[in-house]
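Novice: give me a model of this one.
(one chain, ligands or ions: 2)
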Amino acid sequence: MLRCLRVLPARVTRNFSRWCSNYVARMRFINRLKEDEGACLTALESGDVFLYHTLAPLLRKTQQGVFQLPLLPFKDLEGILNRLGKDGSMVKDSVLITCTEQNRALFCLDVGELDQQAVEKECGGNFVDLRKAFFTLRGEEAPLVARGQALLRWHQGNGFCSASGKPTTRNQAGSQRVCHSNGLVYYPKMSPVIITLVSDGKRCLLARQASFPRGMFSALAGFCDMGETLEETLRREVAEEVGLEVVSVRYSGSQHWPFPQSSFMVACHATVSPGNTQVDVDHEELEEARWFTLEEIRAALKLRTPPRNPRDQPPTIWVPPSYAIAHKLIREWVDDQEHPYDGK
Ligand SMILES: NC(=O)c1ccc[n+]([C@@H]2O[C@H](COP(=O)([O-])OP(=O)(O)OC[C@H]3O[C@@H](n4cnc5c(N)ncnc54)[C@H](O)[C@@H]3O)[C@@H](O)[C@H]2O)c1
Ligand SMILES: [Mg+2]
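Specialist: Ligands and ions are numbered 1, 2, ... in the order given. Here you go, the predicted model:
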């Protein structure tokens, strides 16, 4: 980032430093809310809450037909709960998600114990499956609903201490749970996963699991074993799933992936040597894996995803949609092929 800043005009760097100091203040504020119960409650009372019903987020359609995540001010939500015959103090069960750039704390709450349709009517929206919400929402809202569901799911599954069997209690922010009988502290869990696009210099390797939608191919992925480095996981997964030995690895980016449970996806490009490209698929894990040319990948990227006509014969090859980190890896690979790095 600093290297980029050197070549930016002074106006841009001034704006960046203003954004940066606001960013630092926000991050410190969020961190304080995780530690200070009183400050967190005050932030909730002047903040906004978005809702789930049994882990399905509430979305609202605007007059322009765009789906949005409705943010309900604390007082409004208290009123809604009272009208639905619930004690408004239930809002205090909300879990801290973030703080907006306008410095409003943002929380989420699962109202699964209330009648779904009654809440939808009161709030003017619909509870929809997370996968659909993730598909439909724009920009920043998609990761927010994913994060909210992951945290709520974690709370719902960690009400008891695995050592004592006694109930655990959460802090106001919902960033941890404690067993008071033995002092054990539990934090939200994610499973680290490596996802990698393997290239032989001219082609890239994509695979499909039997459970994927018809025609969809993606990068190779696998969970990290205890004690492994990411590089070790990557080399092992590629060897296990397609019988190839990786010779180089380059980090690309990461993404929280909420399906089916919370994974922390770390995306990397990998290469095999051009003389070692014979694929040997582990059919326990994968239905198919094969090399794709640049032309085939360009054609797949042009398709609307998922395609309208999944029953076509023969099936069209398509790749995961733009919100999936696999898509980013595939686009980067195409860019690399079209504009190879010349080392300068
Ligand atoms: N975002 C994307 O673009 C993208 C693309 C492909 C896969 N993925 C995700 O990557 C994840 C891993 O991919 P995979 O299924 O090929 O992994 P994988 O190759 O490691 O195989 C899955 C198997 O690993 C075992 N396993 C080990 N640790 C596990 C854990 N913590 N949780 C669940 N199972 C565990 C289970 O036996 C499971 O059946 C999946 O959750 C998938 O949804 C994301
Ligand atoms: Mg796998």
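
Novice: just grab the bridge partners of the residue of the chain found nearest ligand 2 for me.
Specialist: Closest contact between the chain and ligand 2, by C-beta to the ion, is at G222 (4.3 Å). Just so you know, the C-beta spots here come from the backbone N, C-alpha and C atoms, and that holds for glycine as well. For G222, the beta-bridge partners under DSSP bridges are I194.

Novice: for it, give me its contacts.
Specialist: When contacts are counted by C-beta atoms under 8 Å, 6 or more residues apart in numbering, G222 touches V193, I194, T233, R236, E237, E240, E241.

Novice: how many other residues sit next to the third one?
Specialist: Meaning T233. 20 (other C-beta atoms under 10 Å).

Novice: where does it land in three-state SS?
Specialist: Taken by DSSP: H, G, I helix; E, B strand; the rest coil, the conformation at T233 corresponds to helix.

Novice: check the contacts of G222 against ligand 1, which are close?
Specialist: When contact is defined as C-beta under 6 Å from any ligand atom, the contacts of G222 meet ligand 1 at V193.

Novice: neighbour-wise, which of the contacts of G222 leads?
Specialist: Result: I194 is most packed of the contacts of G222 (other C-beta under 10 Å), 28 neighbours.

Novice: which residue packs closest to Y186, ignoring adjacent ones?
Specialist: Closest residue to Y186 apart from its sequence neighbours, by C-beta to C-beta, 6 or more residues apart in numbering: R177 at 4.5 Å.

Novice: measure that neighbour to V279 for me?
Specialist: Distance check for R177 against V279: by C-beta to C-beta, to the nearest Å, it reads 45 Å.

Novice: where does the residue lying closest to E231 once chain neighbours are set aside land on pLDDT?
Specialist: Nearest residue to E231 in three dimensions, chain neighbours excluded: V249, at 5.6 Å (C-beta to C-beta, 6+ apart). Note on V249: pLDDT of 98.

Novice: same question for P321.
Specialist: On pLDDT, P321 comes in at 88.

Novice: now G88
Specialist: In this model, G88 is scored at 83, pLDDT.

Novice: return the backbone torsion pair for it.
Specialist: Backbone geometry at G88, expressed as degrees, to the nearest 10, gives phi -60, psi -20.

Novice: for the one 3 residues further on, same thing?
Specialist: Main-chain dihedrals, V91, degrees, to the nearest 10: phi -60, psi -30.

Novice: that one and L81 touch, don't they?
Specialist: Yes: V91 is within contact range of L81, at 6.7 Å (criterion: C-beta atoms under 8 Å).

Novice: up against ligand 2, what does the protein have?
Specialist: Residues of the chain lying close to ligand 2 (C-beta under 5 Å from the ion) are A221, G222.

Novice: just the pLDDT at the residue of the chain most remote from its centre, thanks.
Specialist: Distance from the centre of the chain peaks at G275, with 36.5 Å (C-alpha atoms, centre = their mean). We note a pLDDT of 91 for G275 in this prediction.

Novice: if we can go back for a sec, quick one: what helix or strand has the residue nearest to E231 in it?
Specialist: Using DSSP states H and E, the element containing V249 is strand 248-257.

Novice: is any part of that strand close to ligand 1?
Specialist: Yes: Strand 248-257 reaches ligand 1 (C-beta under 6 Å from any ligand atom) through Q255, W257.

Novice: quick one on the thing from earlier: ok now do the residue nearest to Y186, which residues does it touch?
Specialist: Residues in contact with R177, defined by C-beta under 8 Å, 6+ apart, are H155, N158, G159, T168, T169, R170, N171, V185, Y186.

Novice: mind redoing it with 10 Å?
Specialist: Applying C-beta atoms under 10 Å, 6 or more residues apart in numbering to R177 gives the contacts 154-155, 158-161, 167-171, 184-188.

Novice: got it, and K132?
Specialist: For K132, the contacting residues are A56, P57, L59, F67, by C-beta under 10 Å, 6+ apart.

Novice: give me the beta-bridge partners of the second one?
Specialist: Pointing back at P57 there. Here P57 sits in beta bridges with Y52, going by DSSP bridges.

Novice: and the pLDDT at it?
Specialist: Note for P57: predicted pLDDT of 97.

Novice: from R32, how far off is it?
Specialist: 27 Å.

Novice: more neighbours: the two, which one.
Specialist: P57 (29 against 13).

Novice: just to revisit the earlier point, ok, and the most crowded of the contacts of K132?
Specialist: In terms of neighbours by other C-beta under 10 Å, the contacts of K132 top out with P57 at 29 neighbours.
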